[in-house]
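K.L.:
sequence first, predicted coordinates after that:
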Amino acid sequence: MLVFCTESTLCCTFITLDVSPSFFRLLTQHMNFQEELTELLATRTSAPFLFVGSGFSRRYIGLEDWDGLLSKFCITGKPYNFYKSSANQDTPKAARLLSEDYYTTWWNDEQFAEVRALHANSILDKTSPLRIAICDHIRVASNLKNIPLELIKEIEILRNCDVDGIITTNWDLLLESLFPKYRVFVGQKELLFSNPLSVAEIYKIHGCSTRPESLVLTDVDYRDYNERNAYLASKLITIFVENPIVFIGYSLSDPNIRSLIKSIASCIGGENIQKLQNNLIFVDRKEAKDGPTIETAYLQFDETQLPVKLIKTADFSAVYEAISKFQRKLPARVLRFCKERVFELVKNSTTDKKVAVVDFENIDDLSTVEVVFGLGILDKFGEQGYTAITVEDLFEDLVMENKKFDAQKIINVTFQDLSLQTKFIPIYKYLRSVGITSMNEYKSSGLKLDKFIRTSANDFTTSSPFALHRFQGFSGSKFLEVASESEIVSLSPLLSCLTHQELGKYLVENLESISTSKYKYHFRRIMAYFDWLKYGF
């Protein structure tokens, strides 16, 4: 029995309800589930890392599973089961067999004429046309607008989580959209030969739809990937030992995950396997009939049995809320910035104008030394700081409007320093800030910045209007939604309907991924075009 009391200024009303014992049992179970989740995820010394699989993309943007995706590209009259059975049910091998037939049709069928004109020079082998087609399909699907209404609450909670980083085998761009400030590493090779800092980073270990050649797609790709698996495991050991790893979109039986965890376990040795205990947490959407639960399951590797936590819940909101309760003094993206600067200081022997060492050699007691990080605007340190501003800083200020630079100092100091380094900079934003709004005013100013002055959209492109045929009738926003990075950097200035508002929105949403794109230097030209489009004269 429950008794509720409702008060007003005149009376107090008592309502009596009969409630079955099962109601209290479910209520108690739910409260225990929430408490256990919080204990598991929010009270750790390190923030969680997410390990995200294909089930995540199916849940939120309806992307097909691997077999479903490949079946969309059976264009030669043969059903997908022909390739799957020919490969003895080996999906990567089926992908290779399909790619060979797709290659022949792609080169000969008139329906691919426009696509061939765009990508003919990008074809590296027989798998390239299928890779390009898959990537085009996935980029269109990678849209937050595709998220079902009933799951938007989950996504909003997730995007506010301050996770240390994300590892994923997915090719789509959903994670970059949710965590736009995180640096992206594409492919196993890029991760192995870079210096990741394990904070505010996304590791796309099976490639990304922005780079067709990076996809781990065929049995040949998997053979190469597996040969380097031990090296990848060695890169991830510290993350797996120090952070809780939350697996979303995978099953415990997923062969890719089992292979990677086995490699990590082998690297740390059987005597240290307990360091992974309770750090591996799998989220399973198959909730039991009597409500969400947290169970202990086991991964078996030869003679080794590794316990993991298994969260069974249909609603992921509780999981994301528990993650979001982890508190740190600095957001992950700020912490990564500080860590990156320290790494650069240790790696480089040259003096950095942003580093000050005060009387260090004359200090006898190092326990009294304090190390101070300063995060702020460079103009607080006078004009000398303006020689240290990079073209990337200027483009970030153009797109994000977050630097609050002194425009006159940018023109007098920074532009002069950059004049020998690059052809494209956001010059018009700063000229307008100091009152120069026309070509006559520029010529009267006496400034010698002609190298950066552009007079038409054609000054920002190296492509031909013929390549625009594919996008005939498209709006600017539709073009940016479906075009590849190579098409955006080559065709944007030719698209007369593309407004600076649309281009600016795209640059804001993709600035972080642009910084690691293989087209990042071409994007300088497009950002300079955006500067001319918005502020030019």
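P.N.:
Happy to help now that I have it. The structure presented is a predicted model; accordingly, all values stated were derived computationally and were not measured.
K.L.:
I'd say Ala265 and Val308 touch.
P.N.:
No: using Cβ atoms under 8 Å, Ala265 is not in contact with Val308, being 11.7 Å away. The way it works is simple: take the backbone N, C-alpha and C, and place the C-beta from them, glycine included.
K.L.:
quick check: Phe49 vs Ile239, distance?
P.N.:
Distance of Phe49 to Ile239, computed by Cβ to Cβ, to the nearest Å: 6 Å.
K.L.:
identify the contacts common to the two.
P.N.:
When contacts are counted by Cβ atoms under 8 Å, 6 or more residues apart in numbering, Phe49 and Ile239 have Asp164, Gly165, Ile167, Ile245 as shared neighbours.
K.L.:
now the strands: where do they sit in this protein?
P.N.:
Secondary structure of the chain (DSSP state E): strands located at 2-7, 12-17, 49-52, 165-168, 183-186, 201-204, 245-248, 280-284, 293-301, 304-312.
K.L.:
and the residue nearest to Tyr60 when sequence neighbours are not counted, its phi and psi?
P.N.:
Spatially, and ignoring its direct neighbours in sequence, Tyr60 is nearest to Ile147 (5.1 Å; Cβ to Cβ, 6 or more residues apart in numbering). The phi/psi pair for Ile147 (degrees, to the nearest 10) reads phi -70, psi 130.
K.L.:
check whether Thr461 really touches Val489, as I assumed.
P.N.:
No: Thr461 sits out of contact with Val489 when judged by Cβ under 8 Å, with a separation of 9.0 Å.
K.L.:
who has more neighbours out of those two?
P.N.:
Shown here are Thr461 and Val489; by other Cβ atoms under 10 Å, Val489 has more neighbours (25 against 20).
K.L.:
wait, isn't the more buried one in contact with His522?
P.N.:
Yes: assessed by Cβ under 8 Å, Val489 is found in contact with His522 at 3.9 Å.
K.L.:
quick check: His500 vs Asn170, distance?
P.N.:
32 Å.
K.L.:
ok, the shared contacts of Phe49 and Ile239 vs Val319, which is closest?
P.N.:
Nearest to Val319 among the shared contacts of Phe49 and Ile239 is Ile245, at 13.2 Å by Cβ to Cβ.
K.L.:
ok now do that closest one, which residues does it touch?
P.N.:
Listed by Cβ under 8 Å, 6+ apart, the contact set of Ile245 reads Pro48, Phe49, Leu50, Phe51, Ile167, Ile239, Asn279, Leu280, Ile281.
K.L.:
please repeat the previous calculation with a cut-off of 10 Å.
P.N.:
Applying Cβ atoms under 10 Å, 6 or more residues apart in numbering to Ile245 gives the contacts 48-51, 167, 236, 239, 261, 264, 276, 279-282, 308.
K.L.:
from the residues you listed, pick the one nearest Tyr298.
P.N.:
Distance to Tyr298 across the contacts of Ile245 (Cβ to Cβ) is lowest for Val308, with 7.1 Å.
K.L.:
what's the nearest residue to that closest one if we skip its chain neighbours?
P.N.:
Distance criterion Cβ to Cβ, 6+ apart; nearest residue to Val308, sequence neighbours excluded, is Leu280 at 4.2 Å.
K.L.:
residues touching that neighbour, list them.
P.N.:
Counting by Cβ under 10 Å, 6+ apart, Leu280 touches 51, 240, 244-247, 252, 257, 261, 264, 297, 299, 306-310.
K.L.:
what are the bridge partners for it, then?
P.N.:
Beta-bridge pairing for Leu280 (DSSP bridges): Ile245.
K.L.:
Phe193: neighbouring residues, count only.
P.N.:
10.
K.L.:
just to revisit the earlier point, reformat the shared contacts of Phe49 and Ile239 as TSV; add distance to Tyr225.
P.N.:
Listed next are the shared contacts of Phe49 and Ile239 as TSV, based on distance: Cβ to Cβ, whole Å:
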residue	distance to Tyr225
Asp164	24
Gly165	20
Ile167	14
Ile245	20
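K.L.:
so the protein: which segments form each domain?
P.N.:
43-61+149-329, 66-141, 376-537 (automatic domain parsing).
K.L.:
could I get those in JSON lines, plus columns for distance to Phe337 and mean pLDDT?
P.N.:
What follows is those, written out as JSON lines (distance: least, Cβ to Cβ, whole Å; pLDDT from 0 to 100):
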{"stretch": "domain 43-61+149-329", "distance to Phe337": "8", "mean pLDDT": "92"}
{"stretch": "domain 66-141", "distance to Phe337": "28", "mean pLDDT": "96"}
{"stretch": "domain 376-537", "distance to Phe337": "12", "mean pLDDT": "87"}
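K.L.:
out of these, nearest to Glu36?
P.N.:
Smallest distance to Glu36 across those (Cβ to Cβ): 5.1 Å, for domain 43-61+149-329.
K.L.:
pull the distance from the closest one to the chain's centre.
P.N.:
A distance of 14 Å separates the centroid of the chain from that of domain 43-61+149-329, by Cα atoms, centre = their mean, to the nearest Å.
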